[in-house]
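*Asks:* generate a structure from the sequence data that follows.
(chains A, B and C)
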Amino acid sequence: MGEKELTKFFEEYLQTKPLFKNKKALQSQYMPKTIPHREKEIDKVAGILAPILRTERPSNLFIYGKTGTGKSLVVQHVTTTINEIAIKNKLPIKIFYLNCKLKRIADTEYRLVAQLSREFGQEVPTTGLPTDEIYKLFINQVEKEKLLLILVLDEIDQLVSKVGDEILYNLIRLNTELKKSEISIIGISNDLMFTNYLDPRVRSSLSEEELVFPPYNAIQLKEILEHRAKSAFNENVLEEGVIEKCSAYAAREHGDARRALELLRVAGEITERKGLEKVRIKDLDEAESKIERDRVLDVIQSQPKQSQIALYSILKSHSNVKEDAPIFTGDIYELYKELCFKTKIRPLTQRRISDIIAELDMLGIITAKVISKGRYGRTRQICLAIPDSTIIKVNDILKEGLNI
DNA sequence: GTCAATTCACATGAAAGAGACCACGGTCTAGTG
DNA sequence: CTAGACCGTGGTCTCTTTCATGTGAATTGACGA
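*Replies:* Model (predicted):
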């Protein structure tokens, strides 16, 4: 593009009427003022937490629900309201929201408590202190002022599956150590079976109250999308049926509102880039595959080098082998060792590669099924789980990243 | 032909190690008054 | 005398290795019909 064309391009860009009025309304952090179809849940959460306004400790609460069913949204909605009231009436209430999935912030016991202390304004080293030391720091902070504390732990299943359930036990036990203050815990989990893995003592005290968020159905999704689209898009830029298709798509995937919104947003972005005036139904498919491709590429690029080599081995043997012929762990490991030799990287043991393959499976890049070949042993049967068009891109990225 | 034992090629678990971070306290050094 | 540089120690955290145990069906081989 020459300079003139570039100017022209920008001129034209400025000329075209923008599709979006407020794109933020479609992003996942957006907090809408009203939350359709969650009135009952809001009432319940509010009811459970209300005693805190009379300076009584509310029950611990446990919330289940699949992704994109509005759990975090509802809790944040209620807690921010409480916070406002507390500030207005000068009540000694503090509410902390922590997402346990956030890497390097709250994904281990130490980091979680450190983060809590930080919220109190206490400077805490990111590492280096013994864990009980950090607990002491935190307790001191809390005890300085008489407080009622609500601790919202989002995606708590992630945390527990990583570090075990002692952390919850410790948190619950904090109450007995605190003299002036009191803590309630709100746990939010995507995994419905989560509490089954917990120590019974922890389970009973953690889920004094329980709440399940059902998935949205297609009709509800449609209303949510309409509601948000109204503030996100300008008038008349959505073709008839776009919202319906988005909601149908998300309803298929266990009623995940977040995905529906993302789909709508990406479709809008694609339309904008194409310079079209209206979001068309047929662009939704493109949006869908773009979302998927971006996700895959993102995941792969954030993988450590060793996983990338392992994945590259899988890609390579996938292209070597005839259509749909199964690939086994042993083959991958041989190829992997060869690649390591070529690139002068120290190869990992088969044990580790086995785990890495399982991890790639978890990420949805491959599917690996454990099968038994009878006399010929037990192994994983590995297939790629990404479309061909993406495979090529993945291949390029890996090649570049690994200098092969 | 039937049935239990065998066998393969890994899967899966547990525990411990390596190495990168980091804080803290003590010691050393150079600069200052 | 003091601020800053420089250790050693002890802690966390992530990624790995080592060692040990588990596993499911094809294959084998003994057995009886």
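*Asks:* for the nearest residue to residue A:308 once chain neighbours are set aside, give its distance to DNA strand B.
*Replies:* Counting by Cβ to Cβ, 6 or more residues apart in numbering, residue A:308 lies nearest to residue A:398, which is 5.5 Å off, once chain neighbours are set aside. Placement of C-beta: from N, CA and C, glycine included. Counting by Cβ to the nearest atom of the strand, to the nearest Å, the gap from residue A:398 to DNA strand B is 21 Å.
*Asks:* secondary structure class for residue A:398?
*Replies:* Assigned by DSSP: H, G, I helix; E, B strand; the rest coil, the conformation of residue A:398 is helix.
*Asks:* which residues sit in contact with it?
*Replies:* A:300, A:308, A:311, A:312, A:315, A:404 (Cβ atoms under 8 Å, 6 or more residues apart in numbering).
*Asks:* rerun at 7 Å
*Replies:* Contact analysis of residue A:398 by Cβ atoms under 7 Å, 6 or more residues apart in numbering lists A:308, A:311, A:312.
*Asks:* same deal with residue A:232?
*Replies:* Applying Cβ under 7 Å, 6+ apart, the residues contacting residue A:232 are A:20, A:21, A:22, A:23, A:25, A:26.
*Asks:* buried ones only from those residues, please, as a ChimeraX command.
*Replies:* Selection of buried members from the contacts of residue A:232 for ChimeraX, criterion 16 or more other Cβ atoms under 10 Å:
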select /A:20,23,25,26
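*Asks:* just the contacts of residue A:232: which are in helices?
*Replies:* Residues of the contacts of residue A:232 located in helices (DSSP state H): none.
*Asks:* among the contacts of residue A:232, which pair sits farthest apart?
*Replies:* Spanning the widest gap among the contacts of residue A:232 are A:21 and A:26, at 10.7 Å by Cβ to Cβ.
*Asks:* how about stretch A:309-325: buried residues?
*Replies:* A:309, A:310, A:311, A:312, A:313, A:314, A:315, A:316, A:317, A:318.
*Asks:* residues in contact with it?
*Replies:* Applying Cβ under 7 Å, 6+ apart, the contact partners of stretch A:309-325 are A:300, A:327, A:331-332, A:335-336, A:339-340, A:345, A:353, A:356-357, A:360, A:365-366, A:382, A:384, A:391, A:394-395, A:398, A:402.
*Asks:* what subset of these is also close to DNA strand C?
*Replies:* Among the contacts of stretch A:309-325, the residues that sit close to DNA strand C (Cβ under 7 Å from any atom of the strand) are residue A:356.
*Asks:* write out the residues of the stretch 151-300 of chain A neighbouring DNA strand C.
*Replies:* Not one residue of the stretch 151-300 of chain A sits near DNA strand C, judged by Cβ under 7 Å from any atom of the strand.
*Asks:* now do the strands in the stretch 151-300 of chain A.
*Replies:* Along the stretch 151-300 of chain A, the segments classed as strands by DSSP state E, counting those that start in this stretch run A:182-189, A:209-213.
*Asks:* with the stretch 1-150 of chain A instead?
*Replies:* Taking DSSP E, counting those that start in this stretch, the strands of the stretch 1-150 of chain A run over residues A:61-65, A:93-99, A:148-154.
*Asks:* just send these back as CSV, with mean pLDDT and mean neighbour count too.
*Replies:* Formatted as CSV, these follow (pLDDT from 0 to 100; neighbours: other Cβ atoms under 10 Å):
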stretch, mean pLDDT, mean neighbour count
strand A:61-65, 91, 23
strand A:93-99, 87, 19
strand A:148-154, 88, 23
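*Asks:* what would the ones you listed look like in CSV with distance to DNA strand B?
*Replies:* Compiled in CSV, these are given as follows (distance: least, Cβ to the nearest atom of the strand, whole Å):
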stretch, distance to DNA strand B
strand A:61-65, 24
strand A:93-99, 21
strand A:148-154, 24
